[in-house]
Each structure stands twice: as C-alpha cells, then as structure tokens.
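build me a structure from this.
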Amino acid sequence: MPTVNPPAWWTPAVKMGLSIAVAVGLYGVSFGALAVAAGLSVWQACALSVLMFTGGSQFAFIGVVSGGGTLGAATMAASLLGVRNAVYGVQLKALLRPRRAVRPVMAHLTIDESTATAVAQQEPDEQARGFWTAGVGVWLLWNAFTFVGASLGERIGDPAAWGLDGAAVAAFLGLLWPRLIGRDARVIAVASAFVTLIAVPFVPAGVPIIVAAAVSGGLAIVQHRRSR
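All right, here's what the predicted structure looks like:
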C-alpha cells in the first residue's frame, strides 16, 4: 500500500501545541464551575477567561473571592501570579522577534504552555508554530470549556463533590512540579508552602498568597547574592 505523507503544516511543534491545548483547555470546565460557585455570573466567568487568560491567576482570583477576601486582595493575588508572563514575554520577544503589529496579540497569548512549546523547539520556524498553535489553541478551548463549566455550574451543585476543586489544585501542581529543578527551587517552594499553611488561619483570604510571594522573593534574592 502506498504511504500517505502528512501535510507540510503537521509538524512536531503543531502536534505538541495541539495536544497541550486539549489537555489544558479541559481545565476550563473546572474554572467555570468554581467561578460560578464563588458568586460570579456565567458572563463574568467568561470575561475573566477572555481578558485575563492566565489560569493560575484566574484560579487565585476566584479562590480569594470564594474565601471571603476583598476584590483588592483577589486582584493582588492574581497579579502576583501573572508577573511570570511578563518574564516570558521578554524571553519570547528575543526568541521569536515578532513584528510590531502582532506583539499585542502575542502578549495576550503568552502563558506557560505557549512559552514551553516554543522554547522546546530547535528551529526558529518551529518555535513560532509551537507558540501560536499552543497559544491560540489553549485560548479557544479554555474559553469554550469555561463557558461549559460556568453554564453547568448551578446544575451540578457543589463543585467539590465532582472533584473540580481538586482539578484546580492539580493544575497548579502540574505547572509547578517541572520547575522544581535544583535544591534552591525546592527550598523556596517548601518554605513558601510552610509559610502559607501557617498564615491561613490568621489572615484574611488572599493574604497568604501575598505573604508566600514575599517569602519566595526574599529567598530568591538571598540565594542570588550567595551565588555571586
């Protein structure tokens, strides 16, 4: 039988980007359901996914809101987790050298998954394909499944009964675990987790994340000075 060659655009970067988009997009169901359970409307949940579009920050935002925290604390927690995307943006600008016209769109699609897909490739063309495939794919599926989860939120009752609260935790761990390379990273992670557990009973919702960020930042500065 004659062999059927795949189309020219079906490259390893595209396959990786699509597989990541499907896996990550499904978490949108969890976010949508938890957002509605936290008191947001369906359209407010969808707006967060369309405009904020960074899963860690979105989960942090609704986590603080559902815990009774203020809007300011929720915004601060989400912003702290979103800072990493600015760092990714600097790296990707140097890597992909995008045209000025597409930079705003590229900035919005700069997340963990699109960055990881791009930097995993060796060829410049593949790096660009990986970034755009993962970025656009995750955005489309994340928003689609956010709508599904938010629409079903009131019907399914308590999201915890379906394990959707656990899905949010799993998403965080999935993002964190591959980055715990080396002793310094593990020390910072353990110290931040310990401080968070201590702070939770004594401070308002959202503040433990801010405290953990301060601790991790301080430790990172100390370790950097030691290495110099």
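
ok, for Pro12, nearest residue in space, not its chain neighbours?
Counting by Cβ to Cβ, 6 or more residues apart in numbering, Glu126 is the residue found nearest to Pro12 once chain neighbours are left out, at 7.0 Å. (C-beta placed from N, C-alpha, C; glycine too.)

so the one you found versus Val138, what's the distance?
Glu126 sits 18 Å away from Val138, taking Cβ to Cβ, to the nearest Å as the criterion.

the more surrounded of the two?
Val138 (28 against 18; other Cβ atoms under 10 Å).

where does the more buried one fall, phi/psi-wise?
Taking degrees, to the nearest 10, you get phi -60, psi -40 for the backbone angles of Val138.

next up, the contacts around it.
Val138 makes contact with Ile20, Ala21, Val24, Gly25, Leu109, Ile111, Glu113, Ser114, according to Cβ atoms under 8 Å, 6 or more residues apart in numbering.

the same query, at a cut-off of 10 Å, please.
17-18, 20-25, 27-28, 53, 55, 109, 111-114, 117 (Cβ atoms under 10 Å, 6 or more residues apart in numbering).

looking at these, which are in helices?
Where those overlap with helices, as defined by DSSP state H, the overlap consists of 17-18, 20-25, 27-28, 55, 112-114, 117.

need the helices for this structure, in chain order.
Counting by DSSP H, the helices of the chain are 12-25, 27-37, 42-51, 55-66, 71-96, 103-108, 112-119, 124-156, 164-176, 183-199, 207-227.

most tightly surrounded among those?
Between these, the one whose residues have the most neighbours on average, counting mean count of other Cβ atoms under 10 Å, is helix 27-37 (a mean of 26).

lowest-pLDDT helix or strand in this structure?
Within the chain, judged by mean pLDDT, DSSP states H and E, the helix or strand with the poorest mean is helix 164-176; its value is a mean of 60.

the residue nearest to Pro12 and Ala38, how far apart?
With the distance defined as Cβ to Cβ, Glu126 ends up 40 Å from Ala38.
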